[in-house]
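Asker: sequence unavailable; structure follows:
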């Protein structure tokens, strides 16, 4: 985590204004507000300070995390985790490590994500996706060589990879800059603690 405390506190669910209630309705309506282990996640409670932005954010994020994304859930989580790691987002890494394990990544693969595309035992496509993610998070451009190596994904898969990395770069910037803290009881990876 880059910050030890939030710069913007999550909204109090007992004191929502009308716009905040509308923006958080997808969470309040499902499981009686029991999302993310029994409560609405801090990221959404923080973004509720800008309810119209939260609504738009959820629409785009739902595409990225849906079956409409041409990346398999495992591949999507591979690039999301690498993006979060490159952006030094402890919150992002913590959330998506759990999701990645549910989507087929192994503990060993998640540990190797930190080492990047040159770590041993990646498939050629895994290596290409990780390399493209590194290029996007550093130079904001996929080189011709990486684009060619991503050919097995097809054009839509390559587009979705770029859009997924873009979405989670933005998410990481939001989390890091607003100081969104992980939920109580969740551990942040030691490699992503206090990176200022």
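Answerer: Noted; the coordinates are in hand. Everything quoted here is computed from the prediction, not taken from an experiment. Residues are numbered from 1 along each chain as shown.
Asker: ok, now which ones touch residue 14?
Answerer: Not one residue lies near residue 14 by Cβ atoms under 8 Å, 6 or more residues apart in numbering. Every C-beta, even on glycine, is put in place using the N, C-alpha and C of the backbone.
Asker: against residue 28, how distant is it?
Answerer: Distance from residue 14 to residue 28, counting by Cβ to Cβ, to the nearest Å: 12 Å.
Asker: just how off-centre is the helix or strand of the chain with the lowest mean pLDDT within its chain?
Answerer: In the chain, no helix or strand scores lower on mean pLDDT, DSSP states H and E than helix 18-29, which sits at a mean of 90. With Cα atoms, centre = their mean, to the nearest Å as the basis, helix 18-29 stands 22 Å off its chain's centre.
Asker: and the contacts of it?
Answerer: Residues contacting helix 18-29 (Cβ under 8 Å, 6+ apart): 11, 13, 16, 33, 35, 40, 44-45, 47-49, 51-52, 54-55, 58.
Asker: these in helices, which ones?
Answerer: Cross-referencing the contacts of helix 18-29 against helices under DSSP state H gives 44-45, 47, 51-52, 54-55, 58.
Asker: where does the prediction get shaky in this protein?
Answerer: Applying pLDDT under 70 to the chain flags the ranges 29-38, 193-196.
Asker: show me where it has its strands.
Answerer: Ranges of strands in the chain, per DSSP state E: none exist.
Asker: just the buried positions in the longest helix along the chain, please.
Answerer: Secondary structure of the chain per DSSP H: the longest helix is helix 154-178. Buried residues in helix 154-178, counted by 16 or more other Cβ atoms under 10 Å: 157-158, 160-162, 164-169, 171-172, 174-176, 178.
Asker: return the members of the contacts of helix 18-29 classed as buried.
Answerer: 11, 13, 16, 35, 40, 44-45, 47-48, 51, 54-55.
Asker: from the residues you listed, which is closest to residue 72?
Answerer: residue 35 (24.1 Å; Cβ to Cβ).
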